[in-house]
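Q: Predicted coordinates and the sequence they were generated for:
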Amino acid sequence: DEEINEIFLKRYNMSKEELQRMAQKMGIQLNNLCYLKQEFDAYDEDRSGYIDVKELKGLLEKLGEELSDEELDQAFRELDSDNSGEIEFFEFVEWFTSED
């Protein structure tokens, strides 16, 4: 619970109930969401709350996803809907947990 408070609630200014609803909406267990957040943060080298394409590649490899550079670029473009060159944690989770 302390961990959840530290990595989500303070950073995103949300209640545990809101976080639980978000996890349910994405079809992911809260503890899995926390695991992904810890892994995401490990690759978010500047602690901005966003990762770039190089950081995404490292994160996906750690999670057991082997993508070609082409697949990685395509995934990043899908994730980076606002073309900022960075992706946010919840965007990543939605993509990572989607079925296709």
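A: Nice, thanks for sending it over.

Q: longest helix of the protein?
A: Taking DSSP state H as the criterion, the chain has its longest helix at helix 30-43.

Q: Give me the average confidence score over that helix.
A: Across helix 30-43, pLDDT averages out at 90.

Q: Can you give the distance of the next helix or strand after that helix from its chain's centre?
A: Next along the chain after helix 30-43, taking DSSP states H and E as the criterion, comes strand 50-51. The chain centre lies 8 Å from the centre of strand 50-51; the measure is CA atoms, centre = their mean, to the nearest Å.

Q: Determine the number of other residues adjacent to Val93.
A: Val93 has 19 neighbours, counted by other CB atoms under 10 Å. No exception for glycine: its C-beta is placed from N, CA and C like everyone else's.

Q: Surely it is in contact with Tyr35?
A: No: contact criterion CB atoms under 8 Å: Val93 and Tyr35 do not qualify, at 10.7 Å.

Q: Just list the residues touching Glu78, thanks.
A: Neighbouring residues of Glu78 by CB atoms under 8 Å, 6 or more residues apart in numbering: Trp95.

Q: Begin at 428, not 1, for the rest of this chat.
A: Done: numbering now begins at 428, and the last item shifts to Glu505.

Q: State the three-state secondary structure for it.
A: Here Glu505 is recorded as helix under DSSP: H, G, I helix; E, B strand; the rest coil.
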